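[1] Okay, predicted coordinates and the sequence, questions at the end:
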Amino acid sequence: VNSYILGRLIWDYYEKYVKYIDETNIKYLIMDKEDDLKLIENIEKVKCSYKEDLKPQPAPEPIIEQGVLKYPRKAYISKLALKKAKYLCECGKDHPSFIRKSDGKNYTEPHHIIPMSAQGKFKTSLDCTPNIISLCSNCHNKLHYGTEIEELLKLIFEKRKEKLKTMGIVITFEELLSY
């Protein structure tokens, strides 16, 4: 989420609870749990768009972890992609799932359409919301371990190819299949 928008939202909401002490210029925040829950609810409602909040970023530098070349990822981008998909499988909104213990949201898994292992072939970062799709466990595992994935991958690619272009990521379906 754009940090400026989020910062303004928090400040605008909390501003009425801030008390100033003139002699020391110390600010005190006075609020109760109900007010805090309202703020959290408002933060969940924050809308963000691909174009305004997540601009194309340069490709990250690779790191070597246990002798393997890896590209860093940002967890909040995957979470944002799941939120944008309303925690539903983007291959079938009726696909079965369950509710997460941690946050009460429908369980889906983020999946990079173009794998991060291909990052070296792109000038812009592949760790962006247009390249991350929300999938049920079954679809996610099918993509990683299934034998007949071409139809599923084609469906995903067609949904996202224009959004990928807005991030400077241009790829053909044949190239995607090769990864």
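    The structure has been received and is ready for your questions. Residues are numbered from 1 along each chain as shown.
[2] Could you pull out the strands in the protein for me?
    Per DSSP state E, the chain carries strands over the ranges 18-21, 26-29, 63-65, 68-70, 109-112, 132-135.
[3] Tell me the buried residues in the fifth one?
    Taking 16 or more other Cβ atoms under 10 Å as the neighbour-count basis, strand 109-112 is seen to contain the buried residues E109, P110, H111, H112. Every C-beta, even on glycine, is put in place using the N, C-alpha and C of the backbone.
[4] how close does the third one get to P58?
    According to Cβ to Cβ, to the nearest Å, H111 stands 23 Å off from P58.
[5] got it, and the first one?
    From E109 across to P58, the span is 27 Å (Cβ to Cβ).
[6] now the last one
    Counting by Cβ to Cβ, the gap between H112 and P58 amounts to 17 Å.
[7] Next: Y107.
    Per Cβ to Cβ, Y107 is found 33 Å from P58.
[8] can you check A75 too?
    Separation of A75 from P58 (Cβ to Cβ) stands at 19 Å.
[9] and if you look at K101?
    Separation of K101 from P58 (Cβ to Cβ): 37 Å.
[10] Give the bridge partners for S134, please.
    When assigned by DSSP bridges, S134 has beta-bridge partners P110.
[11] Tell me how many other residues crowd it.
    S134 sits with 23 neighbouring residues when counted by other Cβ atoms under 10 Å.
[12] Surely it touches C91?
    No - the criterion here is Cβ atoms under 8 Å, and S134 misses it with C91 at 9.2 Å.
[13] Render the CA-only coordinates of the longest helix along the chain in CSV, please.
    Secondary structure of the chain read by DSSP state H shows that its longest helix is helix 150-166. C-alpha atoms of helix 150-166 as CSV (Å, rounded to 0.1, in the frame of the first residue of the first chain):
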residue,chain,number,x,y,z
GLU,A,150,-0.5,-25.7,-20.3
GLU,A,151,-4.3,-24.9,-20.2
LEU,A,152,-4.2,-23.5,-16.7
LEU,A,153,-1.1,-21.5,-17.4
LYS,A,154,-2.6,-20.1,-20.6
LEU,A,155,-5.7,-18.9,-18.6
ILE,A,156,-3.5,-17.1,-16.1
PHE,A,157,-1.3,-15.6,-18.8
GLU,A,158,-4.2,-14.2,-20.8
LYS,A,159,-5.6,-12.6,-17.7
ARG,A,160,-2.3,-10.9,-16.8
LYS,A,161,-0.3,-10.2,-20.0
GLU,A,162,-1.6,-6.6,-20.4
LYS,A,163,-1.0,-5.8,-16.7
LEU,A,164,2.5,-7.3,-17.0
LYS,A,165,3.2,-4.9,-20.0
THR,A,166,2.4,-1.9,-17.8
